[in-house]
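>>> Quick one: sequence and predicted model below, then my questions.
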Amino acid sequence: MNQRVLVLNCGSSSIKFAIIDAANGEAPLQGIAENLAASHSQVRYTDGQNKHTINLEDKADHKHALEAIGRILMQFTELRSSLVAVGHRVVHGGEKFTHSCLIDDRVKQAIGDMAQMAPLHNPAQVAGIESAQAAFAQLPQVAVFDTAFFQTIPQHAYLYALPYNLYEHHGIRKYGFHGSSHYFVSRQAAKLLNKDIEHCNLITAHLGNGCSIAAIKQGKAVDTSMGFTPLEGLVMGTRCGDIDPSITTFLMEQLGYSAAQVNALMNKQSGLQGISQISNDCRTLESEQEKGNERAKLALDMFVYRLVKYIGSYLAVVGPLDALIFTGGIGENSSYIRQQTIAQLAHLGLHIDDKANKDMRFGRSGLISNEDSKSIFAIATNEEWVIAQDTIKYAFNA
Ligand code: AMP
């Protein structure tokens, strides 16, 4: 019988869930419980054929949502009986967790202790873990950390040039996020290159609503663009990425912003949305720019320029490049962003194949570079599959 894992991704007001076949990554059931602790709480899910919506009582919490998910599973007898474990995506594992682990009280406590660094995520994930332990008491539960893949980054790359005691006493350093995605696409790229991952120098660009890029040398992460939080680095849908840190104090001292307002401005009102004042969605901006909208064009140009700068700097870091990889909603689907980016990197040996670039979308993975180029791939990511595989590994020592 198939070994299937219930993968849970608990956010502050939502729980994404999927049943994943650990052998092949297929998801026969997936959905989201949303608007938790607010009005119109509901669960939407698809069983592969049909889409369903179940309304929950208003302000339903994680416990109620997980019970509802449990009831949905009851309708799928074969799927439910093939579940062997629950895997939890945990955003922040700090320096403590260099790999996934079976959840016990000590692990749960450590995840909770890191709430200071991920206040929106880690408390919700502890609540999710506790509810899942109650709802699926017979199943082992495993935590898979977004940060773990980046624990190989050396100290000279992960430290900020701030007084060292801020790192020692408060853990202020670069951690990196989207680890499961960078892990997955780097391993897929090694397969496409027909090389051992330990012999691959790669640059992986995860471009979605959140964006991050990783430098991977001999199979190990040696740098990444997201930092102490997921705000640093590339231009994103609504996040600004790199800025001069003094802008923060200027906003507060000269313009009267509160800390919460600065936080909201940089995380929710900036990036593609902030520049264009139209949308955070790359599709909308591409179609607006085709109609001649200058701000949409500027936002896309800034997105590409920042990406080009990071690729250039990571080319210097990883050594001879085996492949550049695009993934995430934009990286997998936007032929335009890929083409614009690579056009600026011709002098560094990267050239696109126009036809392959146009064809490689909507879940297709493969080569998009021409024969004169270093390899460039678009690869559909599958973070849930990484979580499912790690869950089996750490639940059963497989
Ligand atoms: P993700 O966070 O990985 O789900 O990615 C979401 C983003 O992918 C959206 O904000 C869109 O901007 C982008 N996206 C999805 N499909 C396309 C597409 N066909 N062309 C351009 N961008 C896309």
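Right, received. Where do you want to start? Numbers count the residues shown, from 1 in each chain.
>>> okay, CA-based contacts and neighbour counts for the rest of this
Fine.
>>> which parts of this structure sit against the ligand?
Residues of the chain lying close to the ligand by Cα under 6 Å from any ligand atom are Gly208, Asn209, Gly210, Asp281, Cys282, Arg283, Gly328, Gly329, Ile330, Asn333, Ser334.
>>> among the residues you listed, who's most crowded?
Sorting these by how many neighbours each has (other Cα atoms under 10 Å) puts Asn333 first, at 27 neighbours.
>>> was I right about that one contacting Phe362?
Yes. Counting by Cα atoms under 8 Å, a contact exists between Asn333 and Phe362, whose distance comes to 6.0 Å.
>>> Would you map the helices across the stretch 51-200 of the chain?
62-74, 77-81, 105-113, 122-135, 155-158, 164-170, 179-193 (DSSP state H, counting those that start in this stretch).
>>> Switch these over to a markdown table; also include mean neighbour count.
Formatted as a markdown table, those follow (neighbours: other Cα atoms under 10 Å):
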| stretch | mean neighbour count |
| --- | --- |
| helix 62-74 | 18 |
| helix 77-81 | 14 |
| helix 105-113 | 16 |
| helix 122-135 | 21 |
| helix 155-158 | 14 |
| helix 164-170 | 11 |
| helix 179-193 | 22 |
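>>> now the ones you listed as JSON lines including mean pLDDT?
Supplementary listing: the helices of the stretch 51-200 of the chain in JSON lines, determined by pLDDT from 0 to 100:
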{"stretch": "helix 62-74", "mean pLDDT": "89"}
{"stretch": "helix 77-81", "mean pLDDT": "88"}
{"stretch": "helix 105-113", "mean pLDDT": "93"}
{"stretch": "helix 122-135", "mean pLDDT": "87"}
{"stretch": "helix 155-158", "mean pLDDT": "98"}
{"stretch": "helix 164-170", "mean pLDDT": "97"}
{"stretch": "helix 179-193", "mean pLDDT": "98"}
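>>> What about the residues of the chain next to the ligand, which are in strands?
For these, not one is inside strands, with DSSP state E as the criterion.
>>> Just the ones of those residues in helices?
The members of the residues of the chain next to the ligand that map onto helices under DSSP state H are Cys282, Arg283, Gly328, Gly329, Ile330, Asn333.
>>> Tell me which two in the residues you listed are the farthest apart.
When Cα to Cα is used, the two most widely separated members of these are Arg283 and Gly328, lying 13.6 Å apart.
>>> quick one: low-confidence parts of the stretch 1-150 of the chain?
Using pLDDT under 70 as the threshold, the predicted model of the stretch 1-150 of the chain has low-confidence ranges 1.
>>> and whichever residue of it sits closest to the ligand, which of the three is it?
Shortest the stretch 1-150 of the chain-to-the ligand distance, computed as Cα to the nearest ligand atom: residue-wise this is Lys16, at 12.6 Å. Secondary structure of Lys16, reduced to three states by DSSP: H, G, I helix; E, B strand; the rest coil: strand.
>>> now do Gly31
The assignment at Gly31 comes out as strand when based on three-state DSSP.
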